[in-house]
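> fold the following, please.
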Amino acid sequence: MKLKDLFKFKQKKSNTLSPEGLSDKELSDLWTQCSACKTTIYNADLKGNLMICPKCEHHFRIDSATRIGQLVDINTWQEINENIIASDPLNFTDLKPYTESIKAAKSRSGCTEAIITGFGKINNLEMALGIMEFNFLGGSMGSVVGERIARLAEEALKRQTPLVLVSSSGGARMHEGLLSLMQMAKTSAALTKLREHKILFVSVLADPTYGGVSASFAMLGDIIIAEPKAKIGFAGPRVIEETIRQKLPKGFQTSEYLLEHGQIDLVIHRKKMKETLATLISMHKK
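Numbering: from 1, shown residues only. Next up, the predicted model:
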């Protein structure tokens with residue numbers, strides 16, 4: 001027998017059928033396994049529960065469109081600055097050109113950039129809202145993300161409207177080099193103007209919030225809220241452990257750990273997020 005004959009009966013995983021006669025892809029369209037407790041959840045039930053595991057309360061990552069639907073009153077959302085899109089100032093190429101990465105990210109996420117900005121109402125209270133899209137190059141902050149945030153803050157100042165930013169990001173976008181790092185200063189300066197004019201800025205931290213985003217606007221909120229067990233920090237735990245050569249405490253860089261050590265103000269369950277934001281905006285309404 002030839003060696004290749006030993007492998008001729010190998011089947012591709014994608015073609016494997018379940019006992020019910022469904023392929024793996026068809027099963028994944030119907031069911032999702034919780035990454036925390038490994039419970040298999042019917043997708044319709046998961047969506048109906050705001051993408052929260054009904055057994056262990058694990059908060060799944062959600063896209064910007066889903067987040068808007070959960071926070072904004074029906075028929076009140078108006079997007080702004082959607083026509084500001086990324087260029088390729090450095091002609092950057094890693095495994096593929098930056099322009100191709102942008103094109104693929106648009107197709108995968110359905111968004112034009114890693115943040116969506118606009119105005120809407122929450123329990124009939126007007127707010128400016130920016131929501132980061134992790135499916136767009138890991139929610140990385142490039143020049144467009146910084147510009148959209150800065151313009152949203154400026155418009156919130158004009159309208160005297162509270163600002164809410166929901167962060168979910170791996171940090172600054174390497175494809176734009178120094179230009180991406182400059183957005184840390186730009187967004188911080190724009191938010192300083194809101195504070196000077198006593199306009200409320202609430203920062204909501206979703207899983208994950210890292211790098212240049214956590215080192216700039218995400219941690220500058222007048223009130224900083226996080227979802228349960230969200231990963232929040234600058235560098236990842238493994239990088240820190242290798243640098244300081246020490247074992248990190250249990251739960252390090254989770255929202256609960258940051259709350260215990262005074263770095264954030266609240267940890268709020270997703271089902272209570274809209275109510276909490278509305279209460280805060282109502283309390284600070286001029």
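
> the spatially closest residue to M273 that is not a sequence neighbour and I122: what is the separation?
In space, and not counting its chain neighbours, M273 is closest to L71: 6.8 Å by Cβ to Cβ, 6 or more residues apart in numbering. The C-beta positions use only the backbone N, C-alpha and C, and glycine is treated the same way. Going from L71 to I122 by Cβ to Cβ, to the nearest Å gives 6 Å.

> where do the contact lists of those two overlap?
Shared contacts of L71 and I122 (Cβ atoms under 8 Å, 6 or more residues apart in numbering): 274, 277.

> got phi/psi on D207?
When read as degrees, to the nearest 10, the backbone of D207 gives phi -80, psi 130.

> next one: E176
According to degrees, to the nearest 10, E176 has phi -110, psi 10.

> list the contacts of it.
Counting by Cβ under 8 Å, 6+ apart, E176 makes contact with 86, 89-90, 92, 142-143.

> one more pass at 10 Å, please.
E176 makes contacts with 86-90, 92, 98, 140-146, 182-183, as judged by Cβ atoms under 10 Å, 6 or more residues apart in numbering.

> can you select the buried ones from those residues in PyMOL?
Paste this into PyMOL to select the buried members of the contacts of E176, with burial taken from 16 or more other Cβ atoms under 10 Å:
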select buried, resi 86+98+140+141+142+143+144+145+146+183
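
> now, which of the contacts of E176 sits nearest K247?
S140 (29.2 Å; Cβ to Cβ).

> look up how far S167 lies from the closest residue to that closest one other than its chain neighbours.
Using Cβ to Cβ, 6+ apart and skipping the chain neighbours, the partner closest in space to S140 is R173 (3.8 Å). According to Cβ to Cβ, R173 stands 14 Å off from S167.

> can I assume S87 sits in a helix?
No - using DSSP: H, G, I helix; E, B strand; the rest coil, the assignment for S87 is coil, not a helix.

> quick one: it and E113 touch, right?
No - between S87 and E113 there is no contact under Cβ atoms under 10 Å: 11.8 Å.

> need the overlap of contacts for these two.
102, 142-144.
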